[in-house]
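Enquirer: Sharing a model that was predicted from the sequence below.
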Amino acid sequence: MLTPATEKPNATAHKDRRLRVVYRRELQNSVFFSALFVGAGIAAATPIAVLVEPADAPAYVALTLPLAVSGLLIAAAVRKRGRRHAIPLGMLVGLLPVLATAFSVAVMRQLESISLGMLGLIPLAFAIFIPLERRPHLSWLILANVIFFGMTFMTGITRMDSTYPVAMLLAGAVAAALSLVANDVQLRRRRKMNDQLLAVRGLYGRMKEHEQDLRRQDEFLFMQQETLVVQQAELLRLNEELETIARLDALTGIGNRLRLNEDLVQLAGRIERSGGTAGLLLMDLDRFKRLNDAAGHLAGDAALRGVAEALRKTSRVGDGVYRYGGEEFLVILHDCDQSVLEAAGQRYITAIEAAGMPHPDNPPYGLVTASAGACELSQANCTDVDSALHDADEALYVAKASGRNRIEIHALPGPEDIVPIDQQRVAS
């Protein structure tokens, strides 16, 4: 996630709330430890002052002892609730050693050189150990120099030493320059760390956003995969339905010529492999053209649907009923040899007449009837299905010529007429 902090960290680091909290916490710790060291340092310098100037020691102790106690009190205050007031408390801690140095210059003449040396170290140590922003640091530097120079100049005027003010100004200038340089280094270091922290935070944000994008993509792909699975299942179902529809006659709902051809191929292959017999019953509606001419094609279509329904109800489980073409129908009778073929075929013929569909131009019945031709399909003729259908068609024409509404069975060839299957396969 790109943020202003990652694009321009220098311009936004000081506005980042979390960075300010971190800075306040670090400043609190710095002020706490600095206050401890200042208080302990002022207290530790007291015995040295007593040894150097025993006569002025009581005055020096009276001035510096409150400073040492103040350092310890400031440390305690910072530890408890100093985060909100870390900057003013830090400035106050930095003034304690300045005051102690000024007191030593004012009270003990022999410590002037040591005190002037400390003046160069105090601002430097303040800039290093209590890193403030530039404006508070400049404010502290001005205040510290005013206090130090005010007290030391008052002492110098009373001593009438012409070199003393020059030395104080030089020491103050060196101390201020060192403090400014040290503070600038600290600010640059902290700014660099803030920039790095903001850059890392920006990278982490972008990583989290990328992770969320990947999660959303995974969810989207999972949903797409589920949708694809559903669509594939629906497509398979539709394909199966289309295959089924493609093999059904649109008008009657029974098998069409494509379905018949496929089933005949399977039936012939089964008989060739395993033996057995089947019957082919080819039926043609009697004088159907007259029905269309007299009553219209709608009546003819209704008659075709009625015949298909009668055949479907009459068929056994496993038998196949097909519309062969026009007003012709074909039934495959499984496990049916020539001895029972005539009775089975007569059952279908009777079922059509029993349906009671009117046909005035079909005397003497006055109903829709059908003539049928049948032949047996066995290992003797299963390799040539077209020939078997031709035999059934010939028997159908015999039934038409013999008075209609009847069935004729195609006679099986004699033993001398049977052609072996191998020769049939070669011939076909």
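Expert: Received, thanks.

Enquirer: Do a quick rundown of the strands in the stretch 201-350 of the chain.
Expert: 278-285, 320-325, 328-334 (DSSP state E, counting those that start in this stretch).

Enquirer: among those strands, which is nearest R20?
Expert: strand 320-325 (88.9 Å; CB to CB). No exception for glycine: its C-beta is placed from N, CA and C like everyone else's.

Enquirer: and the direction of that closest one versus that of strand 278-285, what angle?
Expert: Angle, strand 320-325 to strand 278-285, by axes from the mean of the first three to the mean of the last three CA atoms, to 10 degrees: 40 degrees.

Enquirer: hang on, the earlier thing: distance to K313, mean pLDDT and mean neighbour count added to the strands of the stretch 201-350 of the chain, as a markdown table?
Expert: Formatted as a markdown table, those follow (distance: least, CB to CB, whole Å; pLDDT from 0 to 100; neighbours: other CB atoms under 10 Å):
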| stretch | distance to K313 | mean pLDDT | mean neighbour count |
| --- | --- | --- | --- |
| strand 278-285 | 15 | 94 | 26 |
| strand 320-325 | 10 | 93 | 21 |
| strand 328-334 | 12 | 94 | 22 |
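
Enquirer: can you tell which of those is closest to G253?
Expert: Minimum separation from G253 across the strands of the stretch 201-350 of the chain (CB to CB) falls at strand 320-325, 9.2 Å.

Enquirer: Tell me how far the closest one lies from the chain's centre.
Expert: Relative to its chain's centre, strand 320-325 lies at 54 Å (CA atoms, centre = their mean, to the nearest Å).

Enquirer: Return the angle between stretch directions for it and strand 328-334.
Expert: Between strand 320-325 and strand 328-334, the angle comes out at 150 degrees (the same axes, to 10 degrees).

Enquirer: Which other helices and strands does strand 320-325 contact?
Expert: helix 257-274, helix 297-314, strand 328-334 (3 or more CB pairs under 8 Å, 6 or more residues apart in numbering; DSSP states H and E).

Enquirer: Which one of the strands of the stretch 201-350 of the chain lies nearest to D249?
Expert: Here strand 320-325 is closest among those (CB to CB), at 4.2 Å.

Enquirer: contact partners of the closest one?
Expert: 249, 251-252, 254-257, 259-260, 263, 282, 304, 308, 311-312, 315, 329-332 (CB atoms under 8 Å, 6 or more residues apart in numbering).

Enquirer: Sort out which of those are buried, if you could.
Expert: Listed as buried from the contacts of strand 320-325 are 249, 252, 254-256, 259-260, 282, 304, 308, 311, 315, 329-332; burial here means 16 or more other CB atoms under 10 Å.

Enquirer: Nearest to S139, out of the strands of the stretch 201-350 of the chain?
Expert: With CB to CB, the closest approach to S139 among the strands of the stretch 201-350 of the chain belongs to strand 320-325: 107.4 Å.

Enquirer: could you list every residue that touches H390?
Expert: Counting by CB under 8 Å, 6+ apart, H390 has no contacts.

Enquirer: tell me the secondary structure for it?
Expert: Of the three states, H390 takes helix under DSSP: H, G, I helix; E, B strand; the rest coil.

Enquirer: And for R188?
Expert: With three-state DSSP as the basis, R188 sits in helix.

Enquirer: burial measure for it, as a count.
Expert: Using other CB atoms under 10 Å, R188 has 10 neighbouring residues.

Enquirer: Repeat that for the one 4 residues further on.
Expert: A count of neighbours around K192, defined by other CB under 10 Å, yields 13.

Enquirer: Also compute the angle for the particular helix or strand that has it in it relative to helix 257-274, please.
Expert: K192 belongs to helix 163-246 when elements are defined using DSSP states H and E. With the same axes, to 10 degrees defining the directions, helix 163-246 sits at 80 degrees from helix 257-274.

Enquirer: What is helix 163-246 packed up against?
Expert: helix 4-7, helix 9-12, helix 17-52, helix 112-129, helix 134-159.

Enquirer: can we see that at 7 Å?
Expert: helix 4-7, helix 9-12, helix 112-129, helix 134-159 (3 or more CB pairs under 7 Å, 6 or more residues apart in numbering; DSSP states H and E).

Enquirer: per-stretch mean pLDDT over those helices, give me the minimum one.
Expert: Per-stretch averages of pLDDT across the helices and strands packed on helix 163-246 put helix 4-7 at the bottom, with a mean of 42.

Enquirer: what number of residues lie near M151?
Expert: Residues lying near M151 (other CB under 10 Å) number 17.

Enquirer: Please report how far the spatially closest residue to S371 that is not a sequence neighbour lies from L89.
Expert: Among residues not flanking S371 along the chain, A399 sits closest, at 4.1 Å (CB to CB, 6 or more residues apart in numbering). For A399, the distance to L89 equals 123 Å [CB to CB, to the nearest Å].

Enquirer: cool, L27 as well?
Expert: Distance of L27 to L89, computed by CB to CB: 9 Å.

Enquirer: and of the buried ones among the contacts of strand 320-325, the nearest to A351?
Expert: L311 (6.9 Å).

Enquirer: Report the beta-bridge partner residues of the residue nearest to that closest one when sequence neighbours are not counted.
Expert: Once flanking residues are discounted, L311 sits nearest to V321: 4.7 Å by CB to CB, 6+ apart. Beta-bridge pairing for V321 (DSSP bridges): V331.

Enquirer: D337: what's it in contact with?
Expert: D337 is in contact with 277, 376, counting by CB atoms under 7 Å, 6 or more residues apart in numbering.

Enquirer: coming back round to it: out of the helices and strands packed on strand 320-325, nearest to N145?
Expert: If you check each of the helices and strands packed on strand 320-325 against N145 by CB to CB, helix 257-274 wins as the nearest, at 110.1 Å.

Enquirer: Pull that closest one out as PDB, backbone CA atoms only.
Expert: What follows is helix 257-274, C-alpha atoms only, in PDB (Å, rounded to 0.1, in the frame of the first residue of the first chain):
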ATOM      1  CA  ARG A 257     -33.900 -44.100 -37.900                       C
ATOM      2  CA  LEU A 258     -30.500 -43.100 -36.300                       C
ATOM      3  CA  ARG A 259     -31.400 -44.900 -33.100                       C
ATOM      4  CA  LEU A 260     -32.600 -47.900 -35.100                       C
ATOM      5  CA  ASN A 261     -29.400 -48.200 -37.000                       C
ATOM      6  CA  GLU A 262     -27.300 -48.000 -33.900                       C
ATOM      7  CA  ASP A 263     -29.400 -50.600 -32.100                       C
ATOM      8  CA  LEU A 264     -29.300 -52.900 -35.100                       C
ATOM      9  CA  VAL A 265     -25.500 -52.800 -35.200                       C
ATOM     10  CA  GLN A 266     -25.300 -53.700 -31.600                       C
ATOM     11  CA  LEU A 267     -27.900 -56.400 -31.900                       C
ATOM     12  CA  ALA A 268     -26.200 -58.000 -34.900                       C
ATOM     13  CA  GLY A 269     -22.800 -57.900 -33.100                       C
ATOM     14  CA  ARG A 270     -24.300 -59.600 -30.000                       C
ATOM     15  CA  ILE A 271     -26.000 -62.300 -32.100                       C
ATOM     16  CA  GLU A 272     -22.800 -62.900 -34.000                       C
ATOM     17  CA  ARG A 273     -20.700 -63.300 -30.800                       C
ATOM     18  CA  SER A 274     -23.200 -65.100 -28.600                       C
END
